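Student: Show me how the following folds:
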Amino acid sequence: MTAASHPWLAALKVYSHPRVVGMLFLGFSAGLPLLLVLGTLSFWLSEAGIARATIGHLSWVGLAYGFKFLWSPLVDRLPLPLLTRMLGRRRAWLLLSQLAIALALLGMANTDPVLNLSHTVFFALAVAFASATQDIALDAYRIEAVETEKQGAMAATYQAGYRIAMITAGAGALWIAAAFDPSETSYDFHPWKVAYTVMALLMAVGILTTLIIREPEHAISRETGEREAHARERFAAAGLRGGLLSATAWFYSAVLSPFIDFVQRYKWQALLMLALIAVYRISDVVMGVMSNPFYQELGFTKDEVATVSKVYGVVMTITGAALGGLLTMRLGVMRTLMLGAVLSAATNLLFVWLAGRGHDVGALVFTVSADNLSAGIASSAFVAYLSSLVNQAYSATQYALFTSVMLLLPKFIAGFSGEFVDAYGWASFFTGTAAIGVPVLILVWLASRAAGPGIGVQEKP
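Tutor: Here you go, the predicted structure:
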């Protein structure tokens, strides 16, 4: 049977498209830095004897991902000297950010937090900032690289690469550290130096891919072009000339237009949508900062955490994401969004049960399985919801805005998680993370009533 005679075989050929294959490796490059400045770093700091409150505060490093919308217009339209001429706008920003991530990871690898915590924080911030910049450039590349019908395959290979990178940066880094650790009972800097050096070298996957792929063609829609042209005419009529006119017109088109477009399309509902985006993942994000210190205090070894949480857990997340995609098709986006919110909050209560069980690997497997399965369902529905809100004329900047809003409040609250545990204990902490998910249910209900038959209106180039 030939591919031409069977539509499913013909559809599978999309995965041999060079740009679709390339997204697997670019997804790996995007997923690698995240845990190295969050979960894996918190395990390192906990083992090094850093106070829980300090570990909680250091989770604010992740706020770089929350503020990336502030510089997304620059990545979207600002050319880089020399690199842009050689590689093109998207590849230039990708390469610059990937090199910065690798260098910053090497800086972390050569800094012992016990001796100089401020240097560790500085390099972690550099990793997070460069990684957030890579995300902006990669989102723009993904949207522009292929036509609409291939976007699903691009997203699938990206997620596969991203999850493989999370296993590498989570389980892989812990396994490497454990292999070079002479004793599990005392802290040694050398194993972590080796682990983070290897992680820095693995950024070569993304760097080489960026050098190999072709720059996509960048097209601006007719509606966008007309809006920018009319704005420039208004500025010129107001008396602006020369460089001032060009700078003002650029600022309007690159920075203001994406936000004006969102408000004009949704009016008062925009506030409701932004409120939902801001709190939807709050239960998981706040709880996640303290999960590794929690495992470490219960006596789980690096190998146990790596195997159960970082490998099996990620597999369950992928399974949950696939199930979430199926539920979204069968039940609709908003119903699946509600189910994901309920499960995300409810499964946090399993950690209260785990705290009472102590060092029980079977209980850890069950808790992590349920938590990650629910997180996968919630993530799948949430991505579908965000995608429905984006106008493709401003996809990079608007998507950066949504993901930034998604992280800002949860990351800020998570910074106080260590102090909360110190004051009230683990059981109260996990119960609290479940309770803060209740307002999410109300917002999903309100958003579903306001959404009507169509959630988003997308403009295509």
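Student: quick one: S16 from A30, how far?
Tutor: 22 Å (Cβ to Cβ, to the nearest Å). Yep, even glycine has a C-beta here, placed from its N, CA and C like the rest.
Student: Show me this structure divided up by domain.
Tutor: 17-218, 267-461 (automatic domain parsing).
Student: what does stretch 179-189 contact?
Tutor: Identification of contacts with stretch 179-189 by Cβ atoms under 8 Å, 6 or more residues apart in numbering yields E47, A48, G49, D112, V114, A178, H190, P191, V194, A195, T301, K302.
Student: Next, count neighbours for the second one.
Tutor: Here the number of neighbours of A48 (other Cβ atoms under 10 Å) works out to 18.
Student: quick one, what contacts it?
Tutor: Counting by Cβ under 8 Å, 6+ apart, A48 makes contact with D112, P113, V114, Y187, F189.
Student: Just the ones in helices from the residues you listed, please.
Tutor: Counting by DSSP state H, the part of the contacts of A48 found in helices is F189.
Student: are any of the contacts of A48 buried, and which?
Tutor: Among those, those scoring as buried are D112, P113, Y187, F189 (criterion: 16 or more other Cβ atoms under 10 Å).
Student: would you turn those residues into a markdown table with pLDDT?
Tutor: Converted to a markdown table, the buried ones among the contacts of A48 look like this (pLDDT from 0 to 100):
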| residue | pLDDT |
| --- | --- |
| D112 | 92 |
| P113 | 90 |
| Y187 | 84 |
| F189 | 90 |
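Student: of those residues, closest to G324?
Tutor: P113 (36.8 Å; Cβ to Cβ).
Student: any idea how far the closest one is from L83?
Tutor: To L83, P113 is 33 Å away according to Cβ to Cβ.
Student: Return the alpha-carbon coordinates of the helix or strand containing P258 using CSV.
Tutor: Assigned by DSSP states H and E, P258 belongs to helix 257-266. The C-alpha coordinates for helix 257-266 follow below in CSV (Å, rounded to 0.1, in the frame of the first residue of the first chain):
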residue,chain,number,x,y,z
SER,A,257,-0.3,46.9,18.5
PRO,A,258,-0.3,43.3,19.9
PHE,A,259,-1.9,44.5,23.1
ILE,A,260,-4.3,46.9,21.4
ASP,A,261,-5.4,44.1,19.1
PHE,A,262,-6.2,41.8,22.1
VAL,A,263,-8.2,44.4,24.0
GLN,A,264,-10.1,45.5,20.8
ARG,A,265,-11.1,41.9,20.0
TYR,A,266,-12.2,40.8,23.5
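Student: next structured bit after the lowest-mean-pLDDT helix or strand in the chain?
Tutor: None of the helices or strands of the chain scores lower by mean pLDDT, DSSP states H and E than helix 7-12, at a mean of 54. Downstream of helix 7-12, the first helix or strand assigned by DSSP H and E is helix 18-36.
Student: What is that next one packed up against?
Tutor: If you count contacts as 3 or more Cβ pairs under 8 Å, 6 or more residues apart in numbering; DSSP states H and E, helix 18-36 packs onto helix 89-109, helix 117-145, helix 151-167, helix 189-202, helix 204-212.
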